[in-house]
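1. Test case, fold it:
(one chain, ligands or ions: 2)
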Amino acid sequence: MQTPVLTIDGPSGAGKGTVSRAVAKLLGWNYLDSGSIYRSLAVAALKADLDLSDILAICRVAEAMSLEFDCGDELIVKLDGADITSQLGTETTGNTASIIAAYPEVRAVLFQKQKDFQRLPGLVADGRDMGSVVFQDAKIKVYLTASAEERALRRYKQLIEKGIDANLPQITREIEERDFRDQQRATAPLTVPEGAHYIDSSSLTIQQVIDQVVNLVD
Ligand SMILES: Nc1ncnc2c1ncn2[C@@H]1O[C@H](COP(=O)(O)OP(=O)(O)O)[C@@H](O)[C@H]1O
Ligand SMILES: Nc1ccn([C@@H]2O[C@H](COP(=O)(O)OP(=O)(O)O)[C@@H](O)[C@H]2O)c(=O)n1
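-> Ligands and ions are numbered 1, 2, ... in the order given. Predicted coordinates for the structure are as follows:
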């Protein structure tokens, strides 16, 4: 029996993780936060003080790293046994992830780690290329976005709530830079997957988006 997959792709701060976790819980399905895999590699690369242009060294770290995900109410991530959850959410980590995620060699190493999440009874997977590359046969594909201003404001509030120092104009610039890099890269760029349901959450509540997505699952 084929494991059903629901993918939610979109730019930073669109609400992918929030909505995906809630929908996975409602459906009783597994959840893949693919961004946390790239962010974990970014944490490992920064910890090893790697030159971010040294693709080979980054691939070696990607191949060797052991990741554990605990998808309770909040996602807990352990890298080689150490809890790195607090380091994952920073914009430094997000920006570093975006730089190394542009290398096709790195994406190839992380590909199977993502595919391994496809287990019964089902999988909700969020990221940039879930519906366009990793789970092309997904039963349902969603592209979730919002205006850059709204996404920056959401990310700013999110970081402040986490006790992470944040500056709205800087967050706005960083989100626009990351959007551009993710959309313009040659390999697995952020695009609207063919057949995807397009949702602009700029004026929607979290619950309204969750309801729209759950209603797509028959
Ligand atoms: N529709 C929405 N309206 C208001 N805030 C939202 C909405 N969707 C998500 N958020 C908030 O925006 C922040 C970023 O959401 P997140 O799920 O981390 O986005 P992404 O995974 O797309 O980067 C979180 O604090 C979340 O609670
Ligand atoms: N499937 C994915 C997920 C993330 N990424 C990269 O990892 C970065 C961080 O992803 P994320 O989903 O955690 O970022 P946010 O959308 O939460 O800000 C993105 O900006 C992408 O560059 C990717 O290339 N492919």
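
2. Please pull up the helix or strand immediately following the least confident helix or strand in the chain by mean pLDDT.
-> In the chain, no helix or strand scores lower on mean pLDDT, DSSP states H and E than strand 67-71, which sits at a mean of 87. Downstream of strand 67-71, the next assigned helix or strand under DSSP states H and E is strand 75-79.

3. Apart from its neighbours in sequence, what residue is nearest residue 127?
-> residue 34 (3.4 Å; C-beta to C-beta, 6 or more residues apart in numbering). All C-beta atoms are positioned from the backbone trio N, CA, C, and that covers glycine.

4. Thought residue 134 was touching that neighbour, still the case?
-> Yes: look at residue 34 against residue 134 with C-beta atoms under 8 Å: they come within range, at 7.2 Å.

5. Common neighbours of these two, please.
-> Common contacts of residue 34 and residue 134 (C-beta atoms under 8 Å, 6 or more residues apart in numbering): 114, 125, 127.

6. near ligand 1, which residues of the protein?
-> 10, 12-18, 154-155, 158, 201, 204-206, 209 (C-beta under 6 Å from any ligand atom).

7. and the chain, which of its residues are near ligand 2?
-> 12-13, 16-17, 34-35, 38-39, 94, 97-98, 101, 127-129, 178, 182.

8. and those, which of them are in helices?
-> Residues of the residues of the chain next to ligand 2 located in helices (DSSP state H): 16, 17, 34, 35, 38, 39, 94, 97, 98, 178, 182.

9. wait, what's in contact with the nearest residue to residue 35 once chain neighbours are set aside?
-> Distances taken as C-beta to C-beta, 6+ apart place residue 127 nearest to residue 35, at 5.6 Å, with adjacent residues excluded. With contact taken as C-beta under 8 Å, 6+ apart, residue 127 is in contact with 7, 9, 16, 32, 33, 34, 35, 134.

10. who's residue 127 bridged to?
-> residue 9 (DSSP bridges).

11. Pick out whichever of the shared contacts of residue 34 and residue 134 sits closest to ligand 2.
-> Compare each of the shared contacts of residue 34 and residue 134 with ligand 2 using C-beta to the nearest ligand atom and the shortest gap goes to residue 127, at 2.6 Å.

12. Show the residue spans covered by the strands in this protein.
-> For the chain, the strands defined by DSSP state E occupy 5-9, 30-33, 67-71, 75-79, 82-83, 123-127, 140-145, 197-200.
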